[in-house]
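Visitor: Okay, predicted coordinates and the sequence, questions at the end:
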There are 2 protein chains.
Amino acid sequence: MGGTQIRVALVNGQGAVLARTATATDAAGGPRAVVRQIRQLFAEVSRGAGPASLAGVGVCMPGPLDSEAGVVLGIPTLPGWVDIPIVAWLREALDLPVTLENDGVAAAIGEWRFGAGRGLSDFVYVTVSTGIGGGVIADGRVLRGRRRLAAHLGHMTILAQGAPCSCGNRGCWEAQASGSALGELARRLAAEVPGSDLLRHGPAVTARHVMEAARAGDALGLQLVAREAEFLGMGIVNLLHLFSPQAVVIGGGVSNGFDLLHPGIEAHVRACALPAFCAVPVVAAQLGQNSGVVGAACLVLPRSGKP
Amino acid sequence: MGGTQIRVALVNGQGAVLARTATATDAAGGPRAVVRQIRQLFAEVSRGAGPASLAGVGVCMPGPLDSEAGVVLGIPTLPGWVDIPIVAWLREALDLPVTLENDGVAAAIGEWRFGAGRGLSDFVYVTVSTGIGGGVIADGRVLRGRRRLAAHLGHMTILAQGAPCSCGNRGCWEAQASGSALGELARRLAAEVPGSDLLRHGPAVTARHVMEAARAGDALGLQLVAREAEFLGMGIVNLLHLFSPQAVVIGGGVSNGFDLLHPGIEAHVRACALPAFCAVPVVAAQLGQNSGVVGAACLVLPRSGKP
């Protein structure tokens, strides 16, 4: 569940998505309305499955959450989502065991078990879309920290006094390198650079348009992609130095342009990481839009040692 | 062992330093000369102890190291220290089991077992002196990562295109907030600000002089301390968001001025961390100059569950 969309999927023990549906989040309706939406999507998706075959329901959403207690502490983009005991509500609505996880961490778990992180003991998953989030697998375990609040990757400052961030701070990785930040910069520059493909989108230009323009050889598009790759690379170098992962896995909407971004990211890592970290691969997520739902399913799937 | 000094201490099972000696590192003499120095200091310190009472020798030094293989990969500040099998050499020289650890991680372990981190499952130890290093305890374990190279805390970029760092990158936390960075800035500003106490040290002004000047009420000293606290706070906010520790423990030379820095650090954390992290305490290391030697000793002390 996100601020924009709710997705519900039926996932089997091999991580395969058997059915999937989605709807726009009824943000205005508040948490009770969203629980009704989830119940309806769940009924749709689970229609084919016998109730006895359902192990449970894994739920992931943006935080901050108290995932152990099953409570949403407060979602900045969703009014009314403060101290909501979502696990209890959904358990009642769906009559199945329910487990809650931060969306970045869930997607990391999905990639760990069935995607680009298979077989690794140390990797960082980064999702780059509206914001930047993620999860960390370290020494063969999900990194949790106090109150399970580790891995708020988007809110590390990489440019002191940089762009204002939704969190109130400045120069956060999210403020410099998220899809929204890229879209915002594109809007500003398109107005100044005559002749760019991006101009025709007017104020509606997004990160996706930037990728399309770059793919078509548009000069401003290419320039914006190079800048985005550099800022992504900067945060990735920090993650290499801090967590020493075997790989960094990039997912989220912006990763649709991963092939365009990858050379710039890699060049930055080679130029700026300490020698011992230069060769660590930065790869695309393998589960694409499904990292989250598959990861959420992993929370209730029978375990094979992890996570 | 560091680039400036070698310290050897005799530590008992309760973490008490029974004897301690130190000498200037014979950097020019290379690794063989340093091993001879260590042997001599070891003989001095262990004189009173019966050989049967010695459990072993814990060694910590700046990295990068392959601590599992017992090999120094290369110490930038010490010429000739490339691919040195220091554990094998010391085992032969001292005739005792030898364990190697990165100095920041060893100090974190020392503080965990006998200092400010006692009883915590999640904390970050930061040492601020010539450079910035440290170690991370996460979910009740030492964070290791690939090749045990996690927690190179000093080399996270906090100011894109900022001050040049010894590592070749720019704007690393170390380049902005280490004792050397503070000394360097003091040298530059003292020449420009008439009447400061710091002027009398000329080009020899160091971070310690800045602390002394601030303590005496010198305006430039106070201004430099405020700036240092802000840059330290910036890196600390990143560590809070990434690792979600229960506390951040500050050691190293600059922590002699911890009482001066603390209000500024705390103000920055309150202003810039996400609400869930604002109240996490930032405290001074308890073992002072002994975090490293006590931590190194922990590597060979009989264990009580950790690390």
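Guide: Okay, I see it.

Visitor: in chain A, which ranges drop under the pLDDT threshold?
Guide: Judged by pLDDT under 70, chain A has its weakly predicted residues at A:303-307.

Visitor: Mind listing what's buried along the longest helix seen in chain A?
Guide: In chain A, assigned by DSSP state H, the helix with the most residues is helix A:219-243. Neighbour counts over helix A:219-243 (16 or more other Cβ atoms under 10 Å in any protein chain shown) mark A:220-222, A:224-243 as buried. For every residue, glycine as well, the C-beta is placed using N, CA and C.

Visitor: same question, stretch A:127-146
Guide: For stretch A:127-146, using 16+ other Cβ under 10 Å, the buried residues are A:127-139, A:142-146.

Visitor: and if you look at stretch A:25-35?
Guide: Those would be A:25, A:27, A:31, A:34-35, for stretch A:25-35 by 16+ other Cβ under 10 Å.

Visitor: do stretch A:87-106 as well
Guide: A:87, A:89-91, A:94, A:98-106.

Visitor: What of stretch A:257-265?
Guide: With burial defined by 16+ other Cβ under 10 Å, the residues of stretch A:257-265 counted as buried are A:257-258, A:260-262, A:264-265.

Visitor: would you list the buried residues of stretch A:87-106 in a markdown table and tack on distance to chain B and secondary structure?
Guide: Formatted as a markdown table, those follow (distance: Cβ to the nearest Cβ, whole Å; DSSP: H, G, I helix; E, B strand; the rest coil):
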| residue | distance to chain B | secondary structure |
| --- | --- | --- |
| A:Val87 | 19 | helix |
| A:Trp89 | 22 | helix |
| A:Leu90 | 23 | helix |
| A:Arg91 | 25 | helix |
| A:Leu94 | 28 | helix |
| A:Val98 | 22 | strand |
| A:Thr99 | 18 | strand |
| A:Leu100 | 16 | strand |
| A:Glu101 | 15 | strand |
| A:Asn102 | 11 | strand |
| A:Asp103 | 16 | helix |
| A:Gly104 | 12 | helix |
| A:Val105 | 12 | helix |
| A:Ala106 | 17 | helix |
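
Visitor: Residues contacting stretch A:35-50, please?
Guide: A:1, A:6-10, A:18-23, A:25-26, A:54, A:57, A:86, A:89-90, A:93-94 (Cβ atoms under 8 Å, 6 or more residues apart in numbering or on different chains).

Visitor: Any of the residues you listed buried? List them.
Guide: In these, burial by neighbour count holds for A:1, A:6-10, A:20, A:25, A:54, A:57, A:86, A:89-90, A:94, counting by 16+ other Cβ under 10 Å.

Visitor: Which residue is the nearest non-sequential neighbour of the residue in the stretch 51-200 of chain A that chain B sits nearest to?
Guide: In the stretch 51-200 of chain A, the residue found nearest to chain B is A:Gly145; the distance is 2.9 Å by Cβ to the nearest Cβ. The shortest distance from A:Gly145 to any residue other than its chain neighbours is 2.9 Å, reached at B:Ser244 (Cβ to Cβ, 6 or more residues apart in numbering or on different chains).

Visitor: so who does that neighbour touch?
Guide: A:144-152, B:122, B:277.

Visitor: for A:Gly131, same thing?
Guide: Residues in contact with A:Gly131 (Cβ under 8 Å, 6+ apart) are A:62, A:154, A:166, A:174, A:178, A:180.

Visitor: What is the burial count for A:Ser53?
Guide: Using other Cβ atoms under 10 Å in any protein chain shown, A:Ser53 has 10 neighbouring residues.

Visitor: how close does A:Cys165 get to B:Glu212?
Guide: 37 Å (Cβ to Cβ, to the nearest Å).

Visitor: Let's see which of the buried residues of stretch A:127-146 end up in strands.
Guide: When DSSP state E is applied, the buried residues of stretch A:127-146 are split such that A:127-128, A:132-138, A:142 fall in strands.

Visitor: which ones among those residues come in contact with chain B?
Guide: A:136, A:138 (Cβ under 8 Å from any Cβ of the partner chain).

Visitor: which residue sits closest to the most centrally placed residue in chain A, ignoring its sequence neighbours?
Guide: In chain A, the residue lying closest to the centroid (Cα atoms, centre = their mean) is A:Thr127, at 3.4 Å. Distance criterion Cβ to Cβ, 6+ apart; nearest residue to A:Thr127, sequence neighbours excluded, is A:Gly252 at 3.6 Å.

Visitor: Enumerate every residue touching that neighbour.
Guide: Shown in contact with A:Gly252 (Cβ under 8 Å, 6+ apart): A:126-129, A:132-133, A:179, A:285.

Visitor: and the residue of the stretch 51-200 of chain A closest to chain B, what does it touch?
Guide: So A:Gly145 contacts A:151, B:122, B:138-139, B:243-245 (Cβ under 8 Å, 6+ apart).

Visitor: Against A:Gly135, how distant is it?
Guide: Using Cβ to Cβ, A:Gly145 is found at 11 Å from A:Gly135.

Visitor: got any residues that touch both of these two?
Guide: By Cβ under 8 Å, 6+ apart, A:Gly145 and A:Gly135 have these common neighbours: A:Ala151.

Visitor: What segments of chain A are helices?
Guide: Ranges of helices within chain A are A:30-45, A:86-94, A:103-114, A:173-177, A:179-192, A:207-215, A:219-243, A:258-272, A:291-298, based on DSSP H.

Visitor: Any idea how far the shortest one is from the middle of the chain?
Guide: Think helix A:173-177. 14 Å (Cα atoms, centre = their mean, to the nearest Å).

Visitor: what's it packed up against?
Guide: Judged by 3 or more Cβ pairs under 8 Å, 6 or more residues apart in numbering or on different chains; DSSP states H and E, the packing partners of helix A:173-177 are strand A:132-138, helix A:219-243.

Visitor: Next, the closest residue to chain B within the stretch 151-300 of chain A: phi, psi?
Guide: Going by Cβ to the nearest Cβ, chain B is nearest to A:Ser244 of the stretch 151-300 of chain A, at 2.9 Å. A:Ser244 adopts backbone torsions of phi 40, psi 60, taken as degrees, to the nearest 10.

Visitor: how far away is it from A:Phe277?
Guide: 7 Å.

Visitor: same thing with A:Leu199?
Guide: According to Cβ to Cβ, A:Leu199 and A:Phe277 sit 40 Å apart.

Visitor: Of the two, give the one with the bigger neighbour count.
Guide: Shown here are A:Leu199 and A:Phe277; by other Cβ under 10 Å, A:Phe277 has more neighbours (24 against 15).

Visitor: contacting residues around the closest residue to the more buried one other than its chain neighbours?
Guide: The shortest distance from A:Phe277 to any non-neighbouring residue, by Cβ to Cβ, 6+ apart, is to A:Leu240 (4.2 Å). Going by Cβ under 8 Å, 6+ apart, A:Leu240 touches A:248, A:269, A:273, A:277, A:280.

Visitor: How about A:Ala296?
Guide: With contacts defined as Cβ under 8 Å, 6+ apart, A:Ala296 is in contact with A:58-60, A:101, A:106, A:110.

Visitor: what do you get for A:Thr4?
Guide: A:Thr4 neighbours (Cβ under 8 Å, 6+ apart): A:24-25, A:130.

Visitor: measure it to A:Leu78 for me?
Guide: Taking Cβ to Cβ, one finds A:Thr4 at 10 Å from A:Leu78.

Visitor: Give me the common contacts of those two.
Guide: With contacts defined as Cβ under 8 Å, 6+ apart, the residues shared by A:Thr4 and A:Leu78 are A:Thr25.

Visitor: circling back: and the two most separated of the contacts of A:Ala296?
Guide: Of all pairs drawn from those, the greatest distance, 13.4 Å, lies between A:Val59 and A:Gly110 (Cβ to Cβ).
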